[in-house]
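**Student:** what's the 3D shape of this:
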Amino acid sequence: MFSTNLPDDIKSEWDSMSSRITNPNDFARNYVEAQRTISRSVRVPGADAKPEDWDKVYNAFGRPTDPKEYHFTDPEAFELTDDDKQFRESFRPVAHQAGLNQKQLAALEQWQYETSKAQLDANIAKANSIARTNEQALKSELGPDYDTTI
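**Tutor:** Got it, this is the predicted structure:
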């Protein structure tokens, strides 16, 4: 084949790939398939990329076209306060600018709910412990008068 005239930097790679090409139809099919793959590929922008360049990547990976299209779910373990809901709404443009798709947003949301629930449970346990400690201190201080005083 014509590979003897190819530069050394691609000759060995061409030799291994061209073994699958036995006729002009195979060559044309491989070329067309390669072009299709290239046209569907997403190129990661370089360090000097503009936000619009990254928008193409984020959109290709499923980012909603508008921040209002993100869907949130309420946690099952606790009820959101109005402040929680406001915070969640303020996260929409941040998620969009960061290029998050719905699946990524849902993973962060789940992590946030689990973390918040753990913090809430820890705060309740601490408050209960303080209450028990204070109750014991009062019982010690008031002695038998505790039940009638409290």
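
**Student:** Next secondary structure element downstream of the longest helix seen in the chain?
**Tutor:** Counting by DSSP state H, the longest helix found in the chain is helix 102-142. For helix 102-142, the following helix or strand on the C-terminal side (DSSP states H and E) is helix 146-149.

**Student:** Name the residues that touch that following helix?
**Tutor:** For helix 146-149, contacts defined as Cβ atoms under 8 Å, 6 or more residues apart in numbering pick out 138, 139, 142. C-betas here are computed from N, CA, C, even on glycine.

**Student:** Quick check on the residues you listed: which are buried?
**Tutor:** Among the contacts of helix 146-149, none is buried by neighbour count (16 or more other Cβ atoms under 10 Å).

**Student:** Assess the claim that residue 117 and residue 78 are in contact.
**Tutor:** Yes - with contact defined as Cβ atoms under 8 Å, residue 117 reaches residue 78; the gap is 6.1 Å.

**Student:** which residues sit in contact with the residue nearest the centre of the chain?
**Tutor:** Nearest residue to the geometric centre of the chain (Cα atoms, centre = their mean): residue 104, 2.9 Å. Counting by Cβ under 8 Å, 6+ apart, residue 104 touches no other residue.

**Student:** which intervals of this structure have sub-threshold pLDDT?
**Tutor:** 1-2 (pLDDT under 70).

**Student:** how does it divide into domains?
**Tutor:** 7-40, 62-149 (automatic domain parsing).

**Student:** So which of those is nearest residue 55?
**Tutor:** domain 62-149 (8.0 Å; Cβ to Cβ).

**Student:** moving C-terminal of the helix or strand hosting residue 34, what's the next helix or strand?
**Tutor:** Residue 34 belongs to helix 24-40 when assigned by DSSP H and E. Once the chain leaves helix 24-40, the next helix or strand it forms, by DSSP H and E, is helix 51-60.

**Student:** Compute the inter-axis angle for the helix or strand just after that next one and helix 102-142.
**Tutor:** As assigned by DSSP H and E, the chain's next helix or strand after helix 51-60 is helix 82-97. Orientation check (axes from the mean of the first three to the mean of the last three Cα atoms, to 10 degrees): helix 82-97 against helix 102-142 gives 150 degrees.
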